[in-house]
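J.: Please find the sequence and the predicted model below.
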Amino acid sequence: KNQVEQSPQSLIILEGKNCTLQCNYTVSPFSNLRWYKQDTGRGPVSLTIMTFSENTKSNGRYTATLDADTKQSSLHITASQLSDSASYICVVSDRGSTLGRLYFGRGTQLTVWP
Amino acid sequence: EADIYQTPRYLVIGTGKKITLECSQTMGHDKMYWYQQDPGMELHLIHYSYGVNSTEKGDLSSESTVSRIRTEHFPLTLESARPSHTSQYLCASGGQSSYEQYFGPGTRLTVT
């Protein structure tokens, strides 16, 4: 069964600190992995997208890594800001259909305190 | 920021009412999607479309229906709302050659 598991479920950090969020998946055949940021009451916004051949990608203070062999990804946030408080969702796409079906994790709820 | 819009943003409605959630995108994307999301849970695909006059049901069974008469417009309709329909509904779109899906801001539906 294709699944995406994220950890931790929730995380509280102080402003200025770094943190790392984890994503494990069993989706096969793998096409790409995306990290989205979803603010409360808003739609998800894409942070990074990685294909099979990419093992790291950065977007400002966000750096995602991908290990396609172990089927793991991480999202590292550097020098956190209050505006980073949001849910971070790992999404994996398969190659098995024209639609490129997406499998969503439940997200990690990050809270940044001043 | 993606040009995809949803209205209304919030809706509180009584049981048995018919409602239509609007979704529009100005990017000329062929693919459009509707997702349902409960608090703290993952998004579930309920409908998608490859293009005009194409609609398909997603993974999660839904009593809603959709239509795709114009490329830019993908409305979702509930003929008779029930409290079990209370949820957040997210619309998304994507181009043919793009891995990306761009999400709208969502509609928070509450059925009393």
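T.: Noted; the coordinates are in hand.
J.: Kindly provide the distance from the residue of chain B found nearest chain A to B:I4.
T.: Of all residues in chain B, B:F103 sits closest to chain A, at 3.3 Å by C-beta to the nearest C-beta. From N, CA and C alone the C-beta is placed, and that goes for glycine too. Distance, B:F103 to B:I4, by C-beta to C-beta, to the nearest Å: 7 Å.
J.: Quick check: neighbours shared by those two?
T.: Jointly contacting B:F103 and B:I4 under the rule C-beta atoms under 8 Å, 6 or more residues apart in numbering or on different chains are A:G43, B:C91, B:A92.
J.: Might you report the residue contacts of the last one?
T.: Contact partners of B:A92, counting by C-beta under 8 Å, 6+ apart, are A:G43, B:I4, B:M32, B:Y33, B:W34, B:Y35, B:Q101, B:Y102, B:F103, B:G104.
J.: confidence score at the nearest residue to the first one once chain neighbours are set aside?
T.: Okay, so that is A:G43. In space, and not counting its chain neighbours, A:G43 is closest to B:F103: 3.3 Å by C-beta to C-beta, 6 or more residues apart in numbering or on different chains. We have a pLDDT of 93 for B:F103.
J.: Then A:T98?
T.: On the pLDDT scale, A:T98 is placed at 58.
J.: A:F30 too?
T.: 87.
J.: I'd say it and A:D67 touch.
T.: No: the pair A:F30 and A:D67 fails to qualify as a contact (C-beta atoms under 8 Å) at a distance of 11.4 Å.
J.: Over to the residue of chain A found nearest chain B: give its phi and psi.
T.: Residue nearest to chain B within chain A (C-beta to the nearest C-beta): A:G43, separated by 3.3 Å. Torsion angles at A:G43 (phi, psi; degrees, to the nearest 10) stand at phi -80, psi 160.
J.: doesn't B:G106 make contact with it?
T.: Yes: between A:G43 and B:G106 there is a contact under C-beta under 8 Å: 5.1 Å.
J.: Walk me through which strands the least confident helix or strand in chain A by mean pLDDT pairs with, and which way each runs.
T.: Within chain A, no helix or strand scores below strand A:102-104, which has a mean of 88 by mean pLDDT, DSSP states H and E. Its sheet considered, strand A:102-104 pairs with strand A:86-94 (antiparallel) by DSSP bridges.
J.: Now stretch B:35-54: average pLDDT?
T.: So the average pLDDT for stretch B:35-54 ends up being 92.
J.: and if you look at stretch A:82-92?
T.: Here the average pLDDT along stretch A:82-92 is 96.
J.: who does residue 57 bridge with?
T.: Unless you meant another one, I'm taking chain A. A:A64.
J.: nope, chain B
T.: Under the criterion used (DSSP bridges), B:K57 bridges to B:H47.
J.: my read: it touches B:H44, true?
T.: No: B:K57 is beyond contact range of B:H44, at 11.7 Å (criterion: C-beta under 8 Å).
J.: And for stretch B:52-67, what's in contact with it?
T.: B:33-36, B:44-50, B:68-71, B:74-79, B:82, B:85.
J.: Show the buried residues in these.
T.: Among the contacts of stretch B:52-67, those classed as buried by neighbour count (16 or more other C-beta atoms under 10 Å in any protein chain shown) are B:33-36, B:44-49, B:68, B:71, B:74-76, B:78, B:85.
J.: Out of those residues, list just those in strands.
T.: B:Y33, B:W34, B:Y35, B:Q36, B:H44, B:L45, B:I46, B:H47, B:Y48, B:S49, B:L76, B:L78 (DSSP state E).
J.: Thanks again, I'm all set now.
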